[in-house]
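Visitor: Structure for the following, please:
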Amino acid sequence: MNTHNPGDFRYRVRRSDDNSARFDRVPLAVRTLSSNTLFQGEHEIGIEHHGALYRLKITRQGKLILNK
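Guide: Predicted structure coming up:
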């Protein structure tokens, strides 16, 4: 079972200033793009990264897969 929460990546856990065992969730500034914006009606796009080509695909189940 997938227990990933997409909202979690937007936060960083930080120890409280009072040095207790308590931790705070601090929001991170993350640029977010819609998959509709990226794919523009296609089911696969290419991403060039450090000279290598990666393929980002939408599966039949609507999930994303990144292949090198």
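Visitor: how about the strands in the chain?
Guide: With DSSP state E as the criterion, the chain has strands at 11-15, 23-27, 44-49, 52-58, 64-67.
Visitor: Tell me where the chain is predicted with low confidence.
Guide: Applying pLDDT under 70 to the chain picks out residues 1-24, 26-27.
Visitor: if you set the cut-off to 50 instead, what comes out?
Guide: Along the chain, the model assigns pLDDT under 50 to residues 1.
Visitor: Is the nearest residue to K68 once chain neighbours are set aside bridged to anything, and to what?
Guide: Spatial nearest neighbour of K68, excluding adjacent residues (C-beta to C-beta, 6 or more residues apart in numbering): Y54 at 5.5 Å. Using the backbone N, CA and C atoms, a C-beta is placed for each residue, glycine as well. Taking DSSP bridges as the rule, Y54 bridges to I47.
Visitor: Contact partners for Y54?
Guide: G46, I47, E48, L66, N67, K68 (C-beta atoms under 8 Å, 6 or more residues apart in numbering).
Visitor: would CSV of those with distance to V30 be doable?
Guide: Formatted as CSV, the contacts of Y54 follow (distance: C-beta to C-beta, whole Å):
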residue, distance to V30
G46, 23
I47, 18
E48, 22
L66, 18
N67, 24
K68, 23
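Visitor: Neighbour count and distance to L38 added to these, as TSV?
Guide: Shown next, in TSV, are those (neighbours: other C-beta atoms under 10 Å; distance: C-beta to C-beta, whole Å):
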residue	neighbour count	distance to L38
G46	8	11
I47	12	9
E48	8	14
L66	9	12
N67	9	16
K68	8	18
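Visitor: Alright, that wraps it up for me.
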